[in-house]
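*Asks:* any chance you could fold what I've pasted below:
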Amino acid sequence: MFMFLFLVVALAVVVAAVTLSVVGGGESAPLPDAEPERLHDPLPYDRPVHKGDVDALRFAVTVRGYRMIDVDDALGRLGAEIGERDARIADLESALAGARAASSTTSLRKHPEDER
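*Replies:* Presented below is the predicted three-dimensional model:
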């Protein structure tokens with residue numbers, strides 16, 4: 001009988017403690033604002049991405065690592081920037097090759113003014 005009374009009292013104490021912790025123990029302060037689900041995109045949109053931007057890039061850590069959507073967005077943005085730069089480099093290299101070819105054919109021809 002003593003053990004039963006002890007268990008009932010212990011159960012009442014546990015229920016009272018849980019109730020006080022849920023209610024807040026008399027605190028009337030509002031709950032703090034929750035952190036946003038996603039961080040803002042740390043990569044700049046108003047200029048091309050530089051090495052310093054990539055070095056400063058940090059992702060929020062979650063239970064199983066990084067948030068996949070944040071990493072996917074950043075990698076997609078970096079991939080697009082690299083693709084644009086590769087296309088621009090290819091255009092500039094072809095323009096340079098054309099200019100070199102034009103200058104070499106021009107220098108091989110004799111100008112009538114050179115014969116005087």
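
*Asks:* so where do the helices sit in the chain?
*Replies:* Secondary structure of the chain (DSSP state H): helices at 2-23, 51-56, 68-108.

*Asks:* out of those, nearest to T62?
*Replies:* For T62, the closest of these is helix 68-108, at 9.1 Å, according to Cβ to Cβ. From N, CA and C alone the C-beta is placed, and that goes for glycine too.

*Asks:* quick one: the closest one to chain centroid distance?
*Replies:* Counting by Cα atoms, centre = their mean, to the nearest Å, helix 68-108 is centred 24 Å from the centre of its parent chain.

*Asks:* pLDDT averaged over it - what is it?
*Replies:* Helix 68-108 shows a mean pLDDT of 88.

*Asks:* thinking again about what came up before, need the helices of the chain in JSON lines (columns: mean neighbour count and distance to P42).
*Replies:* As requested, the helices of the chain are exported to JSON lines (neighbours: other Cβ atoms under 10 Å; distance: least, Cβ to Cβ, whole Å):
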{"stretch": "helix 2-23", "mean neighbour count": "9", "distance to P42": "38"}
{"stretch": "helix 51-56", "mean neighbour count": "10", "distance to P42": "7"}
{"stretch": "helix 68-108", "mean neighbour count": "11", "distance to P42": "8"}
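
*Asks:* got JSON lines for those helices, with distance to T62 too?
*Replies:* Below are the helices of the chain laid out as JSON lines (distance: least, Cβ to Cβ, whole Å):
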{"stretch": "helix 2-23", "distance to T62": "26"}
{"stretch": "helix 51-56", "distance to T62": "20"}
{"stretch": "helix 68-108", "distance to T62": "9"}
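
*Asks:* hmm, who's touching stretch 83-98?
*Replies:* P48 (Cβ atoms under 8 Å, 6 or more residues apart in numbering).

*Asks:* how far away is the spatially most central residue of the chain from D53?
*Replies:* Centroid-nearest residue in the chain: A74, 4.1 Å away (criterion: Cα atoms, centre = their mean). Applying Cβ to Cβ, to the nearest Å, one obtains 10 Å for the distance of A74 from D53.
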